[in-house]
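1. Dropping a prediction and its sequence here:
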Number of protein chains: 2
Amino acid sequence: MTTIADRSTAELADLRAQARAAYDAFKARGLKLDMTRGKPAPEQLDLATGMLALPGNGDYTTAAGEDARNYGGQQGLPELRALFSHLIDAPADQIVVGGNSSLALMHDTIVWALLKGVPGSERPWSKEEEPVFLCPVPGYDRHFALCEEFGIRMIPVPMTGQGPDMDVVEAFVANPAVKGMWCVPKYANPSGEIFSDETVRRLAAMKTGAPDFRLFWDNAYAVHHLTPDRHPVRDILAACAEAGHPDRPFLYASTSKITLAGAGLAVFAGSPENTRWFLARSAKQTIGPDKLNQLRHVRFLRDAAGLQAHMDAHRALIAPKFAAVQEALERHLAGTGAARWTRPEGGYFITVEARAGTATEVVRLAKEAGIALTPAGATSPYGRDPQDSVLRLAPTFPSLGDVTKAAEGIALCILLASLEAEQGVRARNAA
Amino acid sequence: MTTIADRSTAELADLRAQARAAYDAFKARGLKLDMTRGKPAPEQLDLATGMLALPGNGDYTTAAGEDARNYGGQQGLPELRALFSHLIDAPADQIVVGGNSSLALMHDTIVWALLKGVPGSERPWSKEEEPVFLCPVPGYDRHFALCEEFGIRMIPVPMTGQGPDMDVVEAFVANPAVKGMWCVPKYANPSGEIFSDETVRRLAAMKTGAPDFRLFWDNAYAVHHLTPDRHPVRDILAACAEAGHPDRPFLYASTSKITLAGAGLAVFAGSPENTRWFLARSAKQTIGPDKLNQLRHVRFLRDAAGLQAHMDAHRALIAPKFAAVQEALERHLAGTGAARWTRPEGGYFITVEARAGTATEVVRLAKEAGIALTPAGATSPYGRDPQDSVLRLAPTFPSLGDVTKAAEGIALCILLASLEAEQGVRARNAA
């Protein structure tokens, strides 16, 4: 297939007319589709239906014989921490289970770092001139929003397909103002990348200017595979300890996309020192987590095998949705040069890199055709994508039928925007 | 009855020998009793047994027809906010339900005030020289611990029986460094006091030096009555609005001591402006609360009448425990001058004001006799009670039998410590 750039001007005009007609026909269907957020579909939530009546009357006693209904148990049930050890890749006694939102745990560690400092800090981060975080791009908009909320300056770092560009990272972290770095190590949001062993090794070993630098290791998709291949990521706690930087990583995970998005459990883990620090802070914040929801999770998931079987059931539901998007992108865009896109083996997103300068137009076209997309720029710090090219597609929530329709429409929008951009360039060059 | 101070030296020696014998006999029983924390008893938690299987299979749809299992619903279910309107004395649309811990909501508002400022702030509180909170004493140790954690200076304010001494409060709040004040307006922790209408009126109307001063209005015991008299407290939101200070109060409550201490719901309320501010902050922190636990509460409590009936059942369980403590204190201490104590009509505590300089000794004697008491000083900022006289008794958690025994032992300890202190004074005066 000939790329758009290689088409004659006449061919281009033809293709554009065809694409416009296809787009107009799509728009005329008057659909209303939403591909904005990485939310589980109702069918995925149905997999956890059994939880709605758990733990059940009379069942409130933990493995240690304690009453899960009362206050206390700040670190979370030991039997649950043992189960999550697999999920977050940390020993059970270095895990804290608290609340329903891992984002809230990231929020808490950041506000505590700002107001109190972390182990190794010379002063609270809010007393620094301007704390800085490295932000692999494309990344998770809510990570960036937290930084923006608290005045943490963000420096974008490109992704390579193996995780962040480590040459760039190593150069930036030599600056003592750089206090943190966002990492989604497996099936990254939104690129789907898996950090390679070498990336993890270099993140653990690199020399940082700040003695209290932290990796904010958001393992949001640890067990969220889209293929039978359950990709591992190198154990960051072990890697950092081996490199002589045991306190470098703060680990986060949750069951929001495992059990119930609104009623899951959030998990923190770190070195023994970081865990003590976290518990000392959270002891001032709360008299303990919802241990009945913890017990509910233990009763429902049972063990690592139970959790894995549950994730297999998720995969069966969502892998066809990802395939439908791939199919539509492939059919309309392959060989055109209008876009590149990821083929993730896990996680919740497909990232499309459209022709530079067209992402905003694609989102606009999609909206006119009844498809809500994440705003262009959302995957960059401050919502600014300098290339205006990245689109994040979230295919899990709509039904397979709706995803199939939406993907068709999105592919048409990408193609049309690219053809029009090329026409525009040629018109300007001719003028 | 003759007070200890009015006894002859010989009488004093006799009484002391009797008290010592009684104490030794108590100690010899080798009991192990705990009166430290305001925790509900297992029987109280049993009142909510029905919740353990709620909402139940297939029940996850909110009144608005939304799926409570998924992300979102940041402010909390409207039907729950309507129910809590009664509990926290605020319109439903000015209420936010989030998490299981009102302490965590206080923590969050404080860290946001420090890092961002509140509506009306000229700058974040952490940019002030040293933010100050007024702390009615005796007060709640976890309030004070939050201030200490974040470097907020605490100034104690005496309680009067009608709430804090408003002359003192009005004098201090003229200082612009004073940014906040802790208030437990009903059945205060631990004095059991109820803020009078006049106290509320003056708190609402007083002139503050800081334009962004906040009342941290922790209505922890709003419906926790110990008598058929359901004492009201004047509506602080309305009082502040009338006085031209609508944004002055931040309101907090929880169902920890209504439904399940570990698995309850926490509630924030404020003026429309404060509520918008709270939601803008929490939108960065979380993708939403556990709405299934919210639905569980709606299904279980049903409405204001259901909540009231539930609290009546609590009262039936705990009022006899409070009565047992009163009886023992009365029997051993009435007329001796060794102590004064509160007769609360709600809440979770009895406060004993022992002879100055004896509280630490009473706690030590109790410990030796197998009774764990809250450390002396716990009810003062920085854990320092300058009079060393205040003891906080928490009779709810142990069984009625254990409370009766513990109260007997505590009364003996108070009496013995007082007699020994009086002997010590006379010996020193004679020397």
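-> Received the coordinates, thanks. Residues are numbered from 1 along each chain as shown, chains lettered A, B, ... in the order given.
2. alpha carbons only for contacts and neighbour counts from here, please
-> OK.
3. show me what contacts the most centrally placed residue in chain A?
-> The centroid of chain A falls nearest to A:Asn189 when counting by CA atoms, centre = their mean (3.0 Å). By CA atoms under 8 Å, 6 or more residues apart in numbering or on different chains, the contact set of A:Asn189 is A:138-140, A:347-349.
4. Please apply the same query to A:Ala238.
-> Contacts of A:Ala238 (CA under 8 Å, 6+ apart): A:Pro246.
5. distance of it from chain B?
-> Using CA to the nearest CA, to the nearest Å, A:Ala238 is found at 29 Å from chain B.
6. List the contacts of the residue of the stretch 101-250 of chain A found nearest chain B.
-> Nearest residue of the stretch 101-250 of chain A to chain B (CA to the nearest CA) works out as A:Ala104 at 4.9 Å. Contact analysis of A:Ala104 by CA under 8 Å, 6+ apart lists B:285-286.
7. if you set the cut-off to 10 Å instead, what comes out?
-> A:98, A:110, A:146, A:266, B:282, B:284-288 (CA atoms under 10 Å, 6 or more residues apart in numbering or on different chains).
8. Pull up the residues of the stretch 251-400 of chain A that are close to chain B.
-> A:256-257, A:259-265, A:280-293, A:296 (CA under 10 Å from any CA of the partner chain).
9. Now the buried members of those.
-> Buried members of these, counted by 16 or more other CA atoms under 10 Å in any protein chain shown: A:256-257, A:259-265, A:281-293, A:296.
10. Which of the helices or strands spans A:Leu100?
-> That one is not Leu; residue A:100 is Asn. In the assignment (DSSP states H and E), A:Asn100 maps to no helix and no strand.
11. Where do the helices of the stretch 151-300 of chain A begin and end?
-> A:166-173, A:197-205, A:236-242, A:272-285, A:291-301 (DSSP state H, counting those that start in this stretch).
12. Please identify the deepest-packed of these.
-> helix A:291-301 (a mean of 23; mean count of other CA atoms under 10 Å in any protein chain shown).
13. and the gap between A:Ala48 and chain B?
-> Taking CA to the nearest CA, one finds A:Ala48 at 9 Å from chain B.
14. Surely that residue is in contact with B:Arg69?
-> Yes - the criterion here is CA atoms under 10 Å, and A:Ala48 meets it with B:Arg69 at 9.5 Å.
15. can you tell me the distance between the two ends of stretch A:91-102?
-> 18 Å (CA to CA, to the nearest Å).
16. which of the residues in it are buried?
-> Within stretch A:91-102, the residues that count as buried by 16+ other CA under 10 Å are A:91-102.
17. Where does the nearest residue to A:Lys127 once chain neighbours are set aside fall, secondary structure wise?
-> Spatial nearest neighbour of A:Lys127, excluding adjacent residues (CA to CA, 6 or more residues apart in numbering or on different chains): A:Leu114 at 7.7 Å. Using DSSP H and E, A:Leu114 maps to helix A:102-115.
18. now that helix: mean pLDDT?
-> Average pLDDT, helix A:102-115: 98.
19. so where do the strands sit in the stretch 201-350 of chain A?
-> Using DSSP state E, counting those that start in this stretch, the strands found in the stretch 201-350 of chain A span residues A:214-218, A:249-254, A:266-269, A:339-341, A:350-354.
20. List just the one of the ones you listed that sits closest to B:Pro375.
-> strand A:266-269 (31.5 Å; CA to CA).
21. May I have the strands that pair with that closest one, each with its orientation?
-> strand A:95-97 (antiparallel), strand A:249-254 (antiparallel) (DSSP bridges).
22. and the shortest one, average pLDDT?
-> Going back to what we said before, that points to strand A:95-97. Per-residue pLDDT over strand A:95-97 has a mean of 98.
23. contacts for that strand?
-> A:73-78, A:80-82, A:84-85, A:88-89, A:105, A:251-254, A:265-272, A:275-276, A:278-279, A:282, A:288-291, A:294.
24. can you check stretch A:420-431 too?
-> So stretch A:420-431 is contacted by A:4-5, A:7, A:9, A:12-13, A:15-17, A:19-20, A:338, A:355-358, A:361, A:415-419 (CA under 10 Å, 6+ apart).
25. follow-up on the earlier one: so which of the contacts of A:Ala104 comes closest to B:Glu330?
-> Within these, proximity to B:Glu330 (CA to CA) peaks at A:Gly98, which comes in at 43.7 Å.
26. what's near enough to touch the closest one?
-> Counting by CA under 10 Å, 6+ apart, A:Gly98 makes contact with A:73-76, A:104-105, A:254, A:265-268, A:282, A:286, A:288-291, A:294.
27. Name the residue of the stretch 301-431 of chain A that lies nearest to chain B.
-> For the stretch 301-431 of chain A, CA to the nearest CA, closest residue to chain B: A:Phe397, 10.2 Å.
28. CSV for the helices of the stretch 151-300 of chain A, including mean pLDDT?
-> Putting these into CSV (pLDDT from 0 to 100) gives the following:
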stretch, mean pLDDT
helix A:166-173, 98
helix A:197-205, 98
helix A:236-242, 98
helix A:272-285, 98
helix A:291-301, 98
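29. Same list (those) but as CSV, adding distance to B:Pro375.
-> Output for the helices of the stretch 151-300 of chain A, formatted as CSV (distance: least, CA to CA, whole Å):
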stretch, distance to B:Pro375
helix A:166-173, 47
helix A:197-205, 44
helix A:236-242, 39
helix A:272-285, 17
helix A:291-301, 27
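30. Show me where chain A dips below the pLDDT cut-off.
-> In the predicted model of chain A, no residue satisfies pLDDT under 70.
31. Show me it divided up by domain.
-> For chain A, automatic domain parsing gives the domain ranges A:4-44+A:308-430, A:61-301.
32. Any idea which of those gets closest to B:Thr199?
-> With respect to B:Thr199, and counting by CA to CA, the nearest of the domains of chain A is domain A:61-301 at 28.8 Å.
33. what about the helices in the stretch 301-431 of chain A?
-> Secondary structure of the stretch 301-431 of chain A (DSSP H, counting those that start in this stretch): helices located at A:304-333, A:359-368, A:400-430.
34. how much does the first one deviate in direction from strand A:350-354?
-> Spelled out, it's helix A:304-333. 20 degrees (axes from the mean of the first three to the mean of the last three CA atoms, to 10 degrees).
35. Provide a list of residues in contact with the residue nearest to A:Lys127.
-> Taking CA under 10 Å, 6+ apart as the test, what A:Leu114 contacts is A:108, A:123-128, A:131, A:150, A:152, B:111, B:115.
36. Please repeat the previous calculation with a cut-off of 6 Å.
-> A:124-126 (CA atoms under 6 Å, 6 or more residues apart in numbering or on different chains).
37. between A:Ala48 and B:Arg69, who's got more neighbours?
-> B:Arg69 (29 against 18; other CA atoms under 10 Å in any protein chain shown).
38. May I ask you to confirm that the more buried one is in contact with A:Thr259?
-> No - with contact defined as CA atoms under 6 Å, B:Arg69 and A:Thr259 do not form a contacting pair (9.3 Å).
39. Tell me who's in contact with A:Gly73.
-> Contacts for A:Gly73 were tallied using CA under 6 Å, 6+ apart; they are A:Gly288.
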